[in-house]
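Novice: Sequence first, predicted coordinates after that:
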Amino acid sequence: MQLSGYYSVFYPDGNDKDGKRFTAQGLPAHAAWSKDLSFMGRVDINRHWLIKAEVHFFDGTGNLSPVENPVAPTQDWTLFVLKTTFHF
């Protein structure tokens, strides 16, 4: 079993950390940053099979593509990921 976590901060424009440029364009201010607090866990079932789970707590949408997300999401959002890998 393996556990880990991290915290990261991303600004698409380091000179606009409060989002004034984004609000002037009609976008939400939280498009100017993305803060991610993440926790992960991994279990190796055997030498060939593993399961990994992650949870991300986001503040901001600065890392989201407006093309893939035409409706602006809320400022605070959560992402759950579950993955399994089997190799032989």
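Specialist: Great, that's in hand. Residues are numbered from 1 along each chain as shown.
Novice: Tell me where the chain is predicted with low confidence.
Specialist: By pLDDT under 70, the weakly predicted segments of the chain are 72.
Novice: how about the helices in this protein?
Specialist: Per DSSP state H, the chain carries helices over the ranges 20-24.
Novice: which strands and helices sit next to the strand ranked longest in the chain?
Specialist: With secondary structure taken from DSSP state E, the chain has its longest strand at strand 34-46. Contacts defined by 3 or more CB pairs under 8 Å, 6 or more residues apart in numbering; DSSP states H and E place strand 34-46 against strand 2-10, strand 49-59. Any C-beta I mention is one placed from the backbone N, CA and C, and that applies to glycine too.
Novice: Need phi/psi at residue 69.
Specialist: phi -130, psi 70 (degrees, to the nearest 10).
Novice: re earlier: tell me which of the helices and strands packed on strand 34-46 is the most buried.
Specialist: Ranked by mean neighbour count, the helices and strands packed on strand 34-46 are led by strand 49-59 with a mean of 15 (mean count of other CB atoms under 10 Å).
Novice: and that one, which strands flank it?
Specialist: The pairing partners recorded for strand 49-59 under DSSP bridges are strand 34-46 (antiparallel), strand 76-86 (antiparallel).
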